[in-house]
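Colleague: fold the following.
(chains A and B)
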Amino acid sequence: MVGITSYGAYVPLYRINRMAIYSALGWLNPASLLPGEKAVANWDEDSLTMAVAAAADCLTGIDRDKVNGLFFGTTTTPYKERQNATMITTALDLPPNIRTSDFTTSVKAGTGALVSAYDAVTSGSAESVLVCAADCRLGKPGGYYEEMFGDGAAALLVGKEGVIASVEGTHSVSYDFADTWRADTDTYNRYWEDRWIRDEGYSRFIAEAVSGLMSKCNLQPKDIAKVAYPCQYVRAHADIGKKLGFEPTQIQDHMFGAIGHTGTAYPLQVLVAALEDAKPGDRIIVASHGNGSDALLLQVTPEIEKKRQRLGIKGHLASKKDLASYEKYATFREVLDIDTGGRGEEVAATQMSILWRDRRMILGLCGCKCGACGTPQFPPQEICANPKCGAIGKMEVYRFSDKKAHLFTYTGDVLAFSPSPPAVYGTVDFEGGGRWLFDVTDCELESLEVGMPVEMSLRRKYHDAQRGVHVYFWKATPVRA
Amino acid sequence: MADGIKDKVAIIGMGCTRFGERWDKSAQNLMVEAYTEAMEDAGIEKKDLDAAWSGTCYEEVCVGKSAIPLAVTLKLPFIPATRVENFCATGSEALRGACYAVASGAYDVCLALGVEKLKDTGYGGLPQTDTQVGTSLRFAFPNYTPPGMFAMMGTRYFAQYGLSPQEGKRVLAHITVKSHHNGAMNPKAHLRREVTIDEVVNAPIVAWPLGLFDCCGVSDGAAAAIVTRAELAKKFRPDPVYVKALQIAASSGEEMMCTDWDYAHVESTVRNAKRAYGEAGIKNPREELSMMEVHDCFSITELTIYEDLGISPRGKAKEDIEAGFYDLDGKIPCQPDGGLKCFGHPIGASGLRMMYEMYKQLQGKAGPRQIKDPKLGLTHNMGGIPPLNVVSICIAGLQ
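Modeller: Numbering: from 1, shown residues only, chains lettered A, B, ... in the order given. Okay, here's the model as predicted:
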């Protein structure tokens, strides 16, 4: 049996009510108001960091050394050349004997990666493939897409052992239907008329993929517990299922009013939400939309009861903070070219050879643990930092990214440059030993206390636009629960 | 322990520029200003100098690397010259180089000069150089500034000793008010205005819980010392100042990487104070020291130094501060010249500036802020941040 063996999701902490966007720019386009709120990546998040967060959620309780494939579906890769999937494997501290690919240039790339992972495991070329999907797309200020697009990620582990939902069939349709597009030099998505996208795109391709899949598998709508698919038009979402013969209760909630259209992650996030409520035996269909559609039929197994301990969609939806201000949103997404001051402009050159040499430390947050005295320490040392030990060359690699920690002390610094001042940072003590200084993000200074629990989150450290380098490191965040 | 350099070295001349925003002066101008005063004070000529030490921290915004700028600016005649750097303890490191050189007997007379030209960056605070922790560690460091790194000591100190931020900030404000009072009497100081407790606690926050007045001035300036072997000192002047101890300690890494250190004190200061007192033969610093110039880069730093030097009991500096123990008319006046807080903090010059004040006080030449009959003065000069630092302590006396 081949199928999904674990699932995870990530929705950034911040949400913006669409009315806040409309209040700022609705005068440009009075008909643009959409309902609800959307998820907004913090200024130090992007598709890569969100994919890592969803993957970590998915890998809860999983032996990372057994993962030997990682496929990343996104249309918003930080790098056009330098494989993003490989950076994710380093951040997750996965073993190097792993097969990686970026699936991109269409928002169906998330399901495309999932189908390919299924094929790889089925063929026997991989044992366990982690599929990550994340997007952080930009609509132009004042347009519909600025309100539509949300930021988020989902992750699914595909394998043969401990399957929670077996893949029972797939069906794909592909059409060069350019509902929305971005040329290689574009920052913002462009789009054709929404009525055409709704009627000729979503309504046709999802229906074609889902009905094609059901017909392949000799199933009727009544045999399906939940059908999960995206749609950026709330009313049309219900109509698509209805026309296929599904009752409203069989249609998984679209979450458009809570998260927004999260690109490649969208159908997989809806699927994760469906899995969270699924019972053993349930059949679930997931379908994407974007230059066609991929549909997969899944059947839930009793193993699913063992894989409930994670934040997933529900946990992340419940943990949120209202961003309130459009100007903050526009600053976080670099829509506004803010004055960083001289201090913010000074970025030293980034040495790729150092990022390579210290990749496990910087991207993977690996330190070491002394084989003689057992003291974990960061960054990696050759000579033990414990003054009572001092052993030389006894170190083993020790991963800190998944360890519990607490805030030993902290500050909020107004002098340091930050797009979201004050720059909050602190001293973090890890459970089991080890201490280091970290930026603290996704928090207000006033909410921090000495001794409060924190967890580690990969974030953008800086973007050196002049030299085309995105650099990442781990930060501490208050525990989301 | 080896013998150390107690009473082997004497300071026979010192110079110090006015510190502040010296927009019209280059680092080279400042060097000449401090050098000229020191040479005149010692009554010597260039040909008397056997070797020179130059201290600069941010060479990239200051004079550049190496000792060549010093030698060329002062037109030193091909004598040995060395540049040293140890973050904010750079000035003390220059003095240490010169003192150890004459103590060894290798030279008779040496120059130590520290200079920093900080006001050429275009923004407030210290220069932004994110590789100063190293090109690799830089990737793992937060986007920090010095106020933030020391502010964390405030957060931790308050939590550890049960002070609310409001209570803690008021205690710290006493330290600031005292230094402003002293600095106002110092014509060479950068900041010369008295402030009140309320002004200090209500000032804008720079790095929580530290406000504007909890932070020292960022200044341009230079300071210089001429040292000689003790037995030669009286040939130059009747009132040389003798070095009783000159010690430095560097962090081992355990503060930063292990979980024992409390971030409410500086371990290097504790270790180094023991060594310096041992070298100077001081048994009870609270009774024996006459005055101090310590590294008050931030008010919380000065508070913890009182405890780390073993003068105030651990966690109880508040009582001494509020009792005026460290005021100009107190038992051990601290920062009689205004300290880094008000005299200013041109990094490479600060350690030498501290000694300049002790030297003038010991000689009875400190003007309106003169301390009555001082015997022993201590300088404490710290470079780096509470978890990773170097601490230099120098003790000097007249006899």
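Colleague: let me see the contact set for B:Pro285.
Modeller: B:273, B:277, B:309-311, B:378 (C-beta atoms under 8 Å, 6 or more residues apart in numbering or on different chains). Every C-beta, even on glycine, is put in place using the N, C-alpha and C of the backbone.
Colleague: doesn't B:Val391 belong to a helix?
Modeller: No. Under DSSP: H, G, I helix; E, B strand; the rest coil, B:Val391 sits outside any helix and is assigned strand.
Colleague: and it, how far from B:Gly338?
Modeller: The spacing between B:Val391 and B:Gly338, counted by C-beta to C-beta, to the nearest Å, is 21 Å.
Colleague: give me the phi and psi angles of the most centrally placed residue in chain A.
Modeller: By C-alpha atoms, centre = their mean, chain A has its centre lying nearest to A:Ala153, at 2.5 Å. Dihedral pair for A:Ala153: phi -150, psi 160, per degrees, to the nearest 10.
Colleague: next: A:Pro96.
Modeller: According to degrees, to the nearest 10, A:Pro96 has phi -80, psi -20.
Colleague: once you drop chain neighbours, what's closest to it?
Modeller: Spatially, and ignoring its direct neighbours in sequence, A:Pro96 is nearest to A:Thr89 (7.9 Å; C-beta to C-beta, 6 or more residues apart in numbering or on different chains).
Colleague: for burial, what's the neighbour tally of that neighbour?
Modeller: 26 (other C-beta atoms under 10 Å in any protein chain shown).
Colleague: B:Gly97 too?
Modeller: Applying other C-beta under 10 Å, we find 20 residues neighbouring B:Gly97.
Colleague: my read is that it contacts B:Leu111, right?
Modeller: No. Counting by C-beta atoms under 8 Å, B:Gly97 stays clear of B:Leu111, with 10.2 Å between them.
Colleague: for those two, list the residues in contact with both.
Modeller: Here B:Gly97 and B:Leu111 share the contacting residues B:Trp53, scored by C-beta under 8 Å, 6+ apart.
Colleague: just say helix, strand or coil for the residue lying closest to B:Trp261 once chain neighbours are set aside.
Modeller: Nearest residue to B:Trp261, sequence neighbours excluded (C-beta to C-beta, 6+ apart): B:Glu255, at 4.0 Å. What three-state DSSP gives for B:Glu255 is helix.
Colleague: alpha carbons only: can I get stretch A:313-323 in CSV?
Modeller: Provided in CSV are the C-alpha atoms of stretch A:313-323 (Å, rounded to 0.1, in the frame of the first residue of the first chain):
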residue,chain,number,x,y,z
ILE,A,313,-4.7,23.5,9.7
LYS,A,314,-6.9,23.7,12.8
GLY,A,315,-4.1,24.5,15.2
HIS,A,316,-2.6,27.2,12.9
LEU,A,317,-6.0,28.7,12.2
ALA,A,318,-6.7,29.0,15.9
SER,A,319,-3.4,30.7,16.5
LYS,A,320,-3.5,34.1,14.9
LYS,A,321,-2.9,37.8,15.3
ASP,A,322,-4.7,40.6,13.4
LEU,A,323,-2.2,42.7,11.4
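Colleague: enumerate the residues of the stretch 251-399 of chain B near chain A.
Modeller: Counting by C-beta under 8 Å from any C-beta of the partner chain, the residues of the stretch 251-399 of chain B close to chain A are B:252-254, B:256-259, B:263, B:387.
Colleague: for the residue of chain A positioned farthest from its centre, phi and psi?
Modeller: Using C-alpha atoms, centre = their mean, the residue of chain A lying farthest from its centre is A:Lys388. It sits 42.6 Å away. In terms of degrees, to the nearest 10, the main-chain angles of A:Lys388 are phi -90, psi -10.
Colleague: where are the low-confidence patches of chain A?
Modeller: Counting by pLDDT under 70, chain A contains no low-confidence segment.
Colleague: what's the domain layout of it?
Modeller: Per the record, chain A has its domains at A:3-332, A:342-365+A:400-478, by automatic domain parsing.
Colleague: coming back round to it: surely the residue nearest to A:Pro96 meets A:Ile98?
Modeller: Yes. Taking contacts as C-beta under 8 Å, A:Thr89 lies within contact range of A:Ile98: 5.6 Å.
Colleague: can you map out the helices along the chain?
Modeller: No chain in the question, so chain A it is. For chain A, applying DSSP state H gives helices covering A:18-25, A:47-58, A:84-91, A:109-123, A:144-148, A:194-196, A:203-216, A:234-244, A:265-277, A:312-318, A:326-332, A:341-345, A:352-357, A:359-362.
Colleague: wrong chain, I was asking about chain B
Modeller: Along chain B, counting by DSSP H, helices occupy B:27-42, B:68-74, B:90-103, B:146-160, B:165-183, B:197-201, B:233-236, B:254-257, B:267-280, B:285-288, B:299-308, B:317-322, B:339-343, B:347-362.
Colleague: got CSV for those, with mean pLDDT too?
Modeller: Listed next are the helices of chain B as CSV, based on pLDDT from 0 to 100:
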stretch, mean pLDDT
helix B:27-42, 98
helix B:68-74, 98
helix B:90-103, 98
helix B:146-160, 98
helix B:165-183, 98
helix B:197-201, 98
helix B:233-236, 98
helix B:254-257, 97
helix B:267-280, 98
helix B:285-288, 98
helix B:299-308, 98
helix B:317-322, 98
helix B:339-343, 98
helix B:347-362, 98
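Colleague: OK, contacts around whichever residue of the stretch 101-250 of chain A sits closest to chain B?
Modeller: With C-beta to the nearest C-beta, the shortest gap between the stretch 101-250 of chain A and chain B falls at A:Cys136, namely 21.4 Å. By C-beta under 8 Å, 6+ apart, the contact set of A:Cys136 is A:41, A:45-47, A:50, A:76, A:151, A:263, A:333.
Colleague: let's see 6 Å
Modeller: By C-beta atoms under 6 Å, 6 or more residues apart in numbering or on different chains, A:Cys136 lies in contact with A:41, A:46-47, A:76, A:151.
Colleague: check those and tell me the two furthest apart.
Modeller: Largest separation among the contacts of A:Cys136 by C-beta to C-beta: A:Ala41 and A:Thr76, giving 10.0 Å.
Colleague: show me which of those two is the more surrounded one.
Modeller: A:Ala41 (27 against 21).
Colleague: run a quick neighbour tally on the spatially closest residue to that one that is not a sequence neighbour.
Modeller: In this structure, A:Ala41 finds its nearest non-sequential neighbour in A:Asp151, 4.0 Å apart by C-beta to C-beta, 6+ apart. A:Asp151 sits with 31 neighbouring residues when counted by other C-beta under 10 Å.
Colleague: alongside chain A, which residues does the stretch 1-150 of chain B contribute?
Modeller: Residues of the stretch 1-150 of chain B found near chain A (C-beta under 6 Å from any C-beta of the partner chain) are B:122-123, B:125, B:128, B:130-131, B:135-136, B:139-140, B:142-145, B:147-148.
Colleague: ok, 7 Å please
Modeller: Contact residues, the stretch 1-150 of chain B versus chain A (C-beta under 7 Å from any C-beta of the partner chain): B:121-123, B:125, B:128, B:130-131, B:135-137, B:139-145, B:147-148.
Colleague: whichever of those end up buried, select them in PyMOL.
Modeller: Selecting only the buried entries of the residues of the stretch 1-150 of chain B next to chain A in PyMOL, with 16 or more other C-beta atoms under 10 Å in any protein chain shown as the criterion:
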select buried, chain B and resi 121+125+128+136+139+140+141+142+143+144+145+147+148
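Colleague: how many neighbouring residues does B:Val206 have?
Modeller: Using other C-beta under 10 Å, B:Val206 has 27 other residues around it.
Colleague: so it makes contact with A:Val414?
Modeller: Yes. Using C-beta atoms under 7 Å, B:Val206 makes contact with A:Val414 at a distance of 5.7 Å.
Colleague: contacts only, for the residue lying closest to B:Met382 once chain neighbours are set aside.
Modeller: Leaving aside its sequence neighbours, B:Met382 sits nearest to B:His295 (C-beta to C-beta, 6+ apart; 4.0 Å). Counting by C-beta atoms under 7 Å, 6 or more residues apart in numbering or on different chains, B:His295 makes contact with B:88, B:301, B:305, B:340, B:380-382.
Colleague: got it, and B:Ile311?
Modeller: Neighbours of B:Ile311 in contact, by C-beta under 7 Å, 6+ apart: B:285-286, B:332.
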